[in-house]
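Novice: one predicted model, sequence on top.
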Amino acid sequence: MHHRSSTLVRFAAGAGIAALVTACDAHPRTSSADSAAAASAASIIDDFGDTLSLGALPRRIVSLNPATTELFFALGAGERLVGRTHFDIYPVAAQAVPDLGNAIQPNVEAVLGARPDLVTLYASNSNRHAATRLRAAGVATLTLRIDHIADFRRSVGILGRVVGDTVRAHRVVDTVSGTLERVRATMAGTKRLSAFWKAWDSPVIAIGGGSFLSELVEIAGGRNIYGGDPRPAFDVTIEDVVRRDPDVVFAGPESGARMRAAPAWRALRAVREGRVLIIDTMLVGRPGVRLGEAAVSLARLLHPGSIP
């Protein structure tokens, strides 16, 4: 159980588990527009190195990545979704989409039962078998590895081509990027506080430099004590965290409460001095359309009063 949970945490650190989504009607398109958009999508090479092949714009999409599920809704294609994972609960409308199970090593039979003409997967080695089986069954499959903010921007562009609305895709990227840059500029002159992001209790899992979460800390005026490690998330010891002596700790509500109550963590100065900062896990937990909001929330935690 612990192994499975910690594996999901590592997935979340890169791809996202749990705004600037506007409800707009899908643009009506002619069959010729469908063909042109599909031809554009057909040139896409995904993150497994496979070529996406679509005969027309997809109308039945299974999204097995919380970040891409958010993006389909942001791109006005939410009504095309016929399947999602347990973790895809934002926006609220996503909860009406059938839950097909896991994001990693998904139930391929359940996915095929939804009769999709496109499936999106997180490009993890654990999903290679599923991607191969889906393609063998004749289902167009797109794998994307969204671990960094740059991956988010790239993926929005790709999905905009896939659903046939590159204009809206540019708008989403510009809106999110604008908020991130405003936060970065606002926090540029502040003192950088060193931070430990505790993603899991046992084993203790830290967020590393390979995660968008570490990038958000930097934008918000902090410095991740494990930011020099290229992995998204990994096991650490309490002793090593104490040795690095972070100014603050980021943790979810339950994890933070357990940390404050655990005698072993009293060795950490930030815990003794009450600087365990409780994050909104549903807001910051995925590299989706609320990245800008997530940066604002972290900046307010690190430097209260810095951003109205």
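Specialist: Sure thing, it's come through.

Novice: how about the helices in the protein?
Specialist: Along the chain, counting by DSSP state H, helices occupy 2-14, 31-41, 66-74, 108-113, 128-136, 149-163, 166-187, 212-219, 238-244, 253-261, 269-272, 281-284, 291-302.

Novice: helices or strands up against the fourth one?
Specialist: Helices and strands touching helix 108-113, by 3 or more C-beta pairs under 8 Å, 6 or more residues apart in numbering; DSSP states H and E, are helix 128-136. Placement of C-beta: from N, CA and C, glycine included.

Novice: so Arg60 touches Arg115, yeah?
Specialist: Yes - assessed by C-beta atoms under 8 Å, Arg60 is found in contact with Arg115 at 5.9 Å.

Novice: point out where this protein drops to low pLDDT.
Specialist: Residue ranges of the chain with pLDDT under 70: 1-42.

Novice: hmm, 80 instead?
Specialist: 1-43, 53, 55, 308 (pLDDT under 80).

Novice: related to what we said a few turns ago, closest one to Pro230 among the helices of the chain?
Specialist: Smallest distance to Pro230 across these (C-beta to C-beta): 10.1 Å, for helix 212-219.

Novice: now do that closest one and helix 166-187, the angle between them.
Specialist: 50 degrees (axes from the mean of the first three to the mean of the last three C-alpha atoms, to 10 degrees).

Novice: helix 212-219 versus helix 149-163: what angle between them?
Specialist: Here helix 212-219 runs at 120 degrees with respect to helix 149-163, directions being taken by the same axes, to 10 degrees.

Novice: before we move on, back to that, now render the helices of the chain as a markdown table, adding mean neighbour count and distance to Pro230.
Specialist: Formatted as a markdown table, the helices of the chain follow (neighbours: other C-beta atoms under 10 Å; distance: least, C-beta to C-beta, whole Å):
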| stretch | mean neighbour count | distance to Pro230 |
| --- | --- | --- |
| helix 2-14 | 18 | 11 |
| helix 31-41 | 15 | 31 |
| helix 66-74 | 28 | 20 |
| helix 108-113 | 16 | 31 |
| helix 128-136 | 16 | 21 |
| helix 149-163 | 21 | 14 |
| helix 166-187 | 17 | 21 |
| helix 212-219 | 26 | 10 |
| helix 238-244 | 15 | 17 |
| helix 253-261 | 15 | 24 |
| helix 269-272 | 16 | 24 |
| helix 281-284 | 18 | 21 |
| helix 291-302 | 23 | 20 |
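
Novice: need those helices in a markdown table (columns: distance to Phe48).
Specialist: Shown next, in a markdown table, are the helices of the chain (distance: least, C-beta to C-beta, whole Å):
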| stretch | distance to Phe48 |
| --- | --- |
| helix 2-14 | 15 |
| helix 31-41 | 16 |
| helix 66-74 | 15 |
| helix 108-113 | 16 |
| helix 128-136 | 6 |
| helix 149-163 | 13 |
| helix 166-187 | 22 |
| helix 212-219 | 20 |
| helix 238-244 | 34 |
| helix 253-261 | 33 |
| helix 269-272 | 40 |
| helix 281-284 | 27 |
| helix 291-302 | 24 |
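
Novice: which of those sits closest to Leu81?
Specialist: For those, distance to Leu81 was read as C-beta to C-beta. The smallest value, 5.9 Å, belongs to helix 66-74.

Novice: any idea how far the spatially closest residue to Asp247 that is not a sequence neighbour is from Gly210?
Specialist: Nearest residue to Asp247, sequence neighbours excluded (C-beta to C-beta, 6 or more residues apart in numbering): Leu193, at 4.1 Å. According to C-beta to C-beta, to the nearest Å, Leu193 and Gly210 sit 21 Å apart.

Novice: could you check how far Ala169 is from Ala74?
Specialist: With distances taken as C-beta to C-beta, Ala169 is found 9 Å from Ala74.

Novice: ignore the last one, Leu144
Specialist: Note on Leu144: its distance to Ala74, by C-beta to C-beta, is 15 Å.

Novice: the nearest residue in space to Ala199 that is not next to it in sequence - how many residues pack around it?
Specialist: In space, and not counting its chain neighbours, Ala199 is closest to Ile205: 4.5 Å by C-beta to C-beta, 6+ apart. Ile205 sits with 20 neighbouring residues when counted by other C-beta atoms under 10 Å.

Novice: over to Asp99?
Specialist: Look at Asp99: counted by other C-beta under 10 Å, it has 14 neighbours.

Novice: brilliant, that's me finished.
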